[in-house]
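K.L.:
Sequence and predicted model, in that order:
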Amino acid sequence: MSGVWIFAENREQSLELLNIGGELASQIGTKLVNIILGDNGQAQDYIDYGADEVWLLPALGPDQTLLAYAPVIADEAKQEDPDIFLVAGTLRGKELAAIIASSLDTGLASDCTFLKLGADNKLEMERLIFGGAGIQKVVCSTRPQMATIPARTFEPAEMKAGREGIKRELPTPPLSPLKLLARQNRVRESGDIREAQAVVAVGRGIEKKEDIDMIRELADILGGEIGCTRPITEEKHWLPEDLCIGISALEVKPQLYIGIGVSGQIQHVAGFRDARIVCAINKDENAPIFEASDYGIVGDLYEVIPRLLAELKKSGRAN
Amino acid sequence: MINIVSCFKWVIDEAYVRATSSGQIDLESVDYKISDYDRNAIEEAVIIKEKYGGDVTAVTVGSPEASKSIKNALSRGPDRAYFINDTSFADLEPSQTAAILADVIGAQIKYDLIICGEGSSDLYARQIGPRLAHKLGIPCICFVQKLEIKDNQIIAERRVEAGIEIITVPMPALVTVLSDINSPRVPGLKDTLAASKKPVVNIGKQDLSGNYDPKLETRETRAASLKRSCVKFGSEAQDVSGFVQALLKAGAIR
Ligand SMILES: Cc1cc2nc3c(=O)[nH]c(=O)nc-3n(C[C@H](O)[C@H](O)[C@H](O)COP(=O)(O)OP(=O)(O)OC[C@H]3O[C@@H](n4cnc5c(N)ncnc54)[C@H](O)[C@@H]3O)c2cc1C
């Protein structure tokens, strides 16, 4: 048996994996299997987007976590022996993939940003190392070749009309000792910074929470969104997690990124590698952010921002 | 009395990683450190010991050079360290590290709670925690930002994209922690002196019987190049004006 398998917690990432998974499956000459959560009519949807087979995980009890599915998926893989298994790299997805890989005694490449079948038909997987300073290309010598894939790494698959496929229900998993007591969803306060054409990121150079207001004003004038570094969300709790940029957070690809009071540690810089123009405002002329910037201002942000706002307003850019 | 194990890794400090002119990774003048989030793992173990009573064992796998990390780790509060080392343990991939840790912890160390960092700052694969838990046959909760223990149960608040999940599980269990779970203490002179008196168990490859073949092979590494213009302006009004002009010219603002 063989096959390329994909699993994602959500539709957006399923479509991305259907695209790359479908490409790999046709190169190998095998089927594309999409493992999904429950079925409210999505099975046919995924078949339309390229799945040859859709395998449905049965609904879990309200106190069970996603990890409960690990033994069911691992058992299927032991029987079916897939060539490749791609898992969407959500936090829960990464945890699940690692447990499945351990159950199958196979290798797992985490957070892959590039996949390609090598000359020897092995899947070459590229990922960042050293916080984003380096790139590592690995192959997996055991089966299945497993990888987790961050959101938005690949384009979503396109719909193909008139496709037919097989639907199958997977067995109910055994009860996991992990009990979910509560799930608290954060209320989203802003737009998706991954969609913004300009991102103005604040770092620890900001002295207090209220000072973010003037940065927000700058972002508004530029028609963009505000973002931040990890200490701002995690240490200070001044901004929500979904505004954090970097290797352990979101990757943004705006036309313009401006880092303000951001030192430019590699883990943060890795989150805007593909921005078209990068700017920095920092009072330390040796801050690493300047090496990662096209245009930088060396100076105290509390002096520079008012001047910058005035300059932009002068040239008619303010509302 | 909770027996706590915290795992840590001695890594290259990525801030020193450079690119050579040919685009290779330059590790000529690097320094080493205990991986950032592993300091949170050690700190959390010590906090739990202080709060509920217990005992902390710090464990690392690495090359013999990683011996420098042992005193550093012990100065952060653990009672003893296990140093699993061999020259062939320098560049392990996650499945190998997890298998070695599982063999040693499973056979030699009493544990109720194992704490790992979310991921190491060099590879950041985020696999050791879940793989280790699976090998030991205990449940795991990853990405924990708040941890409590009540009646032999762990209550963990962990991060997911949409918010948080609060999960409970009886011990023994493993958690991986995020950096906002605590602020690691900075060891003082007294802690460093105390660290030299703490027991260290050395374990070599000859003491292990498992098969630790890699499952991932590295075919290539290269520096992630960042080509930017690196133009710098001053902070006076006319400099700021020049900065805005440059952005207009580059079409970055309209
Ligand atoms: C495994 C791992 C993953 C990580 N992932 C991420 C990630 O995804 N995203 C992320 O952001 N970080 C991440 N980090 C953390 C990262 O290494 C840095 O610690 C963090 O990005 C630094 O944030 P910062 O620039 O805001 O703070 P700092 O490094 O403290 O920099 C503050 C800067 O502000 C400047 N400054 C201070 N006052 C002023 C002023 N008045 N005017 C102008 N400039 C001023 C200073 O010169 C300094 O350069 C990660 C770390 C690890 C180990």
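P.N.:
Looks like it arrived, so ask away.

K.L.:
got the residue ranges for the helices in the stretch 151-300 of chain A?
P.N.:
A:212-221, A:230-234, A:266-269 (DSSP state H, counting those that start in this stretch).

K.L.:
wait, what's in contact with the residue in the stretch 51-200 of chain A that chain B sits nearest to?
P.N.:
Nearest residue of the stretch 51-200 of chain A to chain B: residue A:107, at 3.2 Å (C-beta to the nearest C-beta). Where you see a C-beta, it was placed from the backbone N, CA and C, and this is true even at glycine. Residues near residue A:107 by C-beta atoms under 8 Å, 6 or more residues apart in numbering or on different chains: A:101, A:138, A:140, A:141, A:142, A:145, A:146, B:93, B:95, B:214, B:215, B:216.

K.L.:
Just the buried residues from those, in PyMOL please.
P.N.:
Selection of the buried residues among the contacts of residue A:107 in PyMOL, burial being defined by 16 or more other C-beta atoms under 10 Å in any protein chain shown:
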select buried, (chain A and resi 101+138+140+142+145+146) or (chain B and resi 93+95+214+215+216)
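
K.L.:
Contacts for stretch B:89-102, please.
P.N.:
Under C-beta under 8 Å, 6+ apart, the answer for stretch B:89-102 is A:98, A:101-102, A:105-108, A:110, A:138, B:7, B:9, B:59, B:61-63, B:65, B:84, B:123, B:125, B:127-128, B:131-132, B:135-136, B:205, B:208, B:210, B:212-216, B:218.

K.L.:
hang on, residue A:72 packs against residue A:57?
P.N.:
Yes: judged on C-beta atoms under 8 Å, residue A:72 makes contact with residue A:57 at a distance of 6.9 Å.

K.L.:
Residues that sit against both of the two, list them.
P.N.:
A:170, A:173.

K.L.:
Bridged to the closest residue in space to residue A:186 that isn't next to it in sequence, which residues?
P.N.:
Nearest non-adjacent residue to residue A:186, counting by C-beta to C-beta, 6 or more residues apart in numbering or on different chains: residue B:163, 4.2 Å away. Bridge pairing for residue B:163 (DSSP bridges) gives the partners residue A:185, residue B:160.

K.L.:
so who does residue B:163 touch?
P.N.:
Neighbours of residue B:163 in contact, by C-beta under 8 Å, 6+ apart: A:183, A:184, A:185, A:186.

K.L.:
repeat for residue A:179
P.N.:
Contact analysis of residue A:179 by C-beta under 8 Å, 6+ apart lists A:63, A:64, B:167, B:168, B:169.

K.L.:
now it, which residues is it bridged with?
P.N.:
residue B:168.

K.L.:
circling back to that earlier point, against the ligand, how distant is the residue of the stretch 51-200 of chain A closest to chain B?
P.N.:
As judged by C-beta to the nearest ligand atom, to the nearest Å, residue A:107 and the ligand stand 21 Å apart.

K.L.:
how about that residue, phi and psi?
P.N.:
When read as degrees, to the nearest 10, the backbone of residue A:107 gives phi -90, psi 150.

K.L.:
Please pull out the lowest mean pLDDT helix or strand from chain B.
P.N.:
strand B:18-19 (a mean of 92; mean pLDDT, DSSP states H and E).

K.L.:
before we move on, back to that, kindly compare burial across the helices of the stretch 151-300 of chain A and name the winner.
P.N.:
helix A:266-269 (a mean of 26; mean count of other C-beta atoms under 10 Å in any protein chain shown).

K.L.:
and the ligand, which of the contacts of residue A:107 contact it?
P.N.:
Among those, not one lies near the ligand by C-beta under 6 Å from any ligand atom.

K.L.:
For stretch A:65-80, which residues meet the burial criterion?
P.N.:
Neighbour count says stretch A:65-80 has A:65, A:66, A:67, A:68, A:69, A:70, A:71, A:72, A:73, A:74, A:76, A:77 buried, by 16+ other C-beta under 10 Å.

K.L.:
contact partners of that stretch?
P.N.:
The contact list for stretch A:65-80 (C-beta under 8 Å, 6+ apart) reads A:1, A:3, A:5, A:7, A:9, A:35, A:55, A:57, A:60, A:85, A:92, A:95-96, A:99-100, A:103-104, A:144, A:170-176, A:178, A:180, B:140, B:165, B:167.

K.L.:
And the residues you listed, which of them are buried?
P.N.:
Buried, going by 16+ other C-beta under 10 Å: A:3, A:5, A:7, A:9, A:35, A:55, A:57, A:60, A:85, A:92, A:95-96, A:99-100, A:103-104, A:144, A:170, A:173, A:176, A:178, A:180, B:140, B:165, B:167, out of these.

K.L.:
Could you dump the contacts of residue A:179 into TSV with distance to residue A:161 and pLDDT added?
P.N.:
Shown next, in TSV, are the contacts of residue A:179 (distance: C-beta to C-beta, whole Å; pLDDT from 0 to 100):
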residue	distance to residue A:161	pLDDT
A:63	41	96
A:64	37	97
B:167	42	98
B:168	47	98
B:169	47	98
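
K.L.:
Report the buried members of those residues.
P.N.:
Among the contacts of residue A:179, the ones that count as buried (16+ other C-beta under 10 Å) are A:64, B:167, B:168, B:169.

K.L.:
Sort out which one of those residues lies nearest the ligand for me.
P.N.:
residue B:167 (22.8 Å; C-beta to the nearest ligand atom).

K.L.:
what about residue B:127, how many residues close to it?
P.N.:
30 (other C-beta atoms under 10 Å in any protein chain shown).

K.L.:
next one: residue A:156
P.N.:
Neighbour number of residue A:156 under other C-beta under 10 Å is 16.

K.L.:
ok, and the closest non-adjacent residue to it?
P.N.:
residue A:15 (3.7 Å).

K.L.:
picking that back up, so what's the residue nearest to residue A:186 scoring on pLDDT?
P.N.:
Residue B:163 is assigned a pLDDT of 93 by the prediction.

K.L.:
For residue A:95, see how far away it is.
P.N.:
16 Å (C-beta to C-beta, to the nearest Å).

K.L.:
Could you do residue A:187 as well?
P.N.:
25 Å.

K.L.:
which residues touch the closest residue to chain B within the stretch 151-300 of chain A?
P.N.:
Of all residues in the stretch 151-300 of chain A, the one sitting closest to chain B is residue A:299 (2.4 Å; C-beta to the nearest C-beta). Neighbouring residues of residue A:299 by C-beta under 8 Å, 6+ apart: A:281, A:283, B:234, B:235, B:239.
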